[in-house]
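Q: Take this sequence and fold it.
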Amino acid sequence: MCAGWSPDMSGRQRAKTVVRLEEARQSTPTQRAPTPPVEPDPLYGVVLLKTAMELKRRQDGTVEDILRGVLARMRIPEAEFFAYLEQQGGLLQALGMRGR
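A: A predicted model of the protein is given here:
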């Protein structure tokens, strides 16, 4: 016989555990209506990449100035892009733009 073998381990399947799931509860609506999410344009990632490259290359100018220049060259509306950035709070902090 093998070490560690016992008669209880004769190849039988273990009893199955049944878990009863509850339906997700809806939270109560808050007083303030959330802003509708801005649909991210696929070019927003390109804007961020180009901005990062400009920041490495140029030492003059603020992050916001460089970002505005990139948006203008790519013809992306500033208001829509900044609305997207505000939804992505971590991106605003990473760019050093706490809140506008």
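Q: what sits up against the top helix by length along the chain?
A: For the chain, the longest helix by residue count, based on DSSP state H, is helix 43-57. With contact meaning Cβ atoms under 8 Å, 6 or more residues apart in numbering, helix 43-57 is reached by Val63, Ile66, Leu67, Gly69, Val70, Leu71, Met74, Ile76, Phe81, Tyr84, Leu91, Leu95. C-beta coordinates here come from the backbone N, C-alpha and C atoms, glycine included.
Q: For Val47, give me the pLDDT.
A: Looking at Val47, its pLDDT stands at 93.
Q: quick one on the thing from earlier: what would the contacts of helix 43-57 look like in a markdown table with neighbour count?
A: Formatted as a markdown table, these follow (neighbours: other Cβ atoms under 10 Å):
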| residue | neighbour count |
| --- | --- |
| Val63 | 15 |
| Ile66 | 20 |
| Leu67 | 23 |
| Gly69 | 15 |
| Val70 | 20 |
| Leu71 | 20 |
| Met74 | 14 |
| Ile76 | 17 |
| Phe81 | 22 |
| Tyr84 | 18 |
| Leu91 | 14 |
| Leu95 | 18 |
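Q: From these, which land in helices?
A: Val63, Ile66, Leu67, Gly69, Val70, Leu71, Met74, Phe81, Tyr84, Leu91.
Q: Quick check: the gap between Pro77 and Gln13.
A: Distance, Pro77 to Gln13, using Cβ to Cβ, to the nearest Å: 62 Å.
Q: the more surrounded of these two?
A: A count of neighbours by other Cβ atoms under 10 Å puts Pro77 above the other of Pro77 and Gln13, at 10 against 5.
Q: Need the pLDDT of the residue nearest the centre of the chain.
A: For the chain, the residue sitting closest to the mean C-alpha position, by Cα atoms, centre = their mean, is Gln88 at 6.8 Å. Looking at Gln88, its pLDDT reads 79.
Q: Now do the SS call for Arg20.
A: coil (DSSP: H, G, I helix; E, B strand; the rest coil).
Q: burial count for it?
A: 4.
Q: give me phi/psi at it?
A: Dihedral angles phi and psi of Arg20 (degrees, to the nearest 10) take the values phi -90, psi 120.
Q: Noted, bye for now.
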